[in-house]
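Trainee: sharing a model that was predicted from the sequence below.
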Amino acid sequence: DQQVKQNSPSLSVQEGRISILNCDYTNSMFDYFLWYKKYPAEGPTFLISISSIKDKNEDGRFTVFLNKSAKHLSLHIVPSQPGDSAVYFCAAAPYGQNFVFGPGTRLSVLP
Amino acid sequence: ETGVTQSPTHLIKTRGQQVTLRCSSQSGHNTVSWYQQALGQGPQFIFQYYREEENGRGNFPPRFSGLQFPNYSSELNVNALELDDSALYLCASSLEGAGTYEQYFGPGTRLTVT
């Protein structure tokens, strides 16, 4: 029973275009959400976060949107760059508890 | 500032054996969490150590155990290895106890059980 779902195992985007990675969750107690990026042979790297009191958080080229009623969040990368090619994990947790990770989406940005 | 390191990088064990994986946390971090990442899945929380004590545990059997040392480095021990234990084992360090939202991950140890 996956509490955090990333239904697209992979995504290919042209350089310069927008990448949109989606994440759905089932636990209404989740109130903090993270995105991590993982390159091969490296550990996941924290990218951006959002708490349930917000519906948008932006950091440079990366924006996360949260729709609590739909239990859905998305990560937008604009413009996409070849160096963004990696596996992206969505993670969620109730306050003060440990994170549940989704299975990841492999993003390929084509030059 | 030294990042999170893990050893060994790769390991092959036989079913029924025991294994110890090691993690050195980032300088100044007092909390270490361990995760198991099976092929095609996201990291799954095993347990967390805060100031040398277990501070939360995921849905893993008791044959998964750990230690944290005074210098905040940590070990993950797995007894009676099973084929399904084959995975990438990640450790992550952070500054606080449970609830810290920014963890710094090591590169992982790839364990293969045959």
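Mentor: Now that the structure is in, tell me what you want to look at. Fair warning: this is a prediction, and the values are worked out from it, not measured in the lab.

Trainee: which residue is nearest the middle of chain B?
Mentor: Taking CA atoms, centre = their mean, the centroid of chain B lies closest to B:W34, which sits 3.1 Å from it.

Trainee: list the contacts of it.
Mentor: Shown in contact with B:W34 (CB atoms under 8 Å, 6 or more residues apart in numbering or on different chains): B:C23, B:F45, B:I46, B:F47, B:Q48, B:G66, B:S74, B:L76, B:Y89, B:L90, B:C91, B:A92. For the C-beta atoms, the positions are set from N, CA and C on the backbone; glycine is no exception.

Trainee: three-state assignment of the third one?
Mentor: What DSSP: H, G, I helix; E, B strand; the rest coil gives for B:I46 is strand.

Trainee: per-residue pLDDT, the residue lying closest to it once chain neighbours are set aside?
Mentor: Excluding its sequence neighbours, the residue lying closest to B:I46 (CB to CB, 6 or more residues apart in numbering or on different chains) is B:W34, at 4.3 Å. If you check B:W34, the pLDDT there is 96.

Trainee: in the sheet, which residues pair with B:W34? Tell me.
Mentor: B:F47, B:C91 (DSSP bridges).

Trainee: gap between it and A:S19?
Mentor: Note on B:W34: its distance to A:S19, by CB to CB, to the nearest Å, is 31 Å.

Trainee: now do A:L11
Mentor: Per CB to CB, A:L11 is found 7 Å from A:S19.

Trainee: what about these two, which has more around it?
Mentor: A:S19 (24 against 16; other CB atoms under 10 Å in any protein chain shown).

Trainee: where does that one land on pLDDT?
Mentor: 98.

Trainee: what sits closest to A:C23 if chain neighbours are left out?
Mentor: Per CB to CB, 6+ apart, closest to A:C23 is A:C90, 3.4 Å.

Trainee: nope, A:Q14 is what I meant
Mentor: That would be A:L110: by CB to CB, 6+ apart, it lies 5.5 Å from A:Q14.

Trainee: lovely, talk soon.
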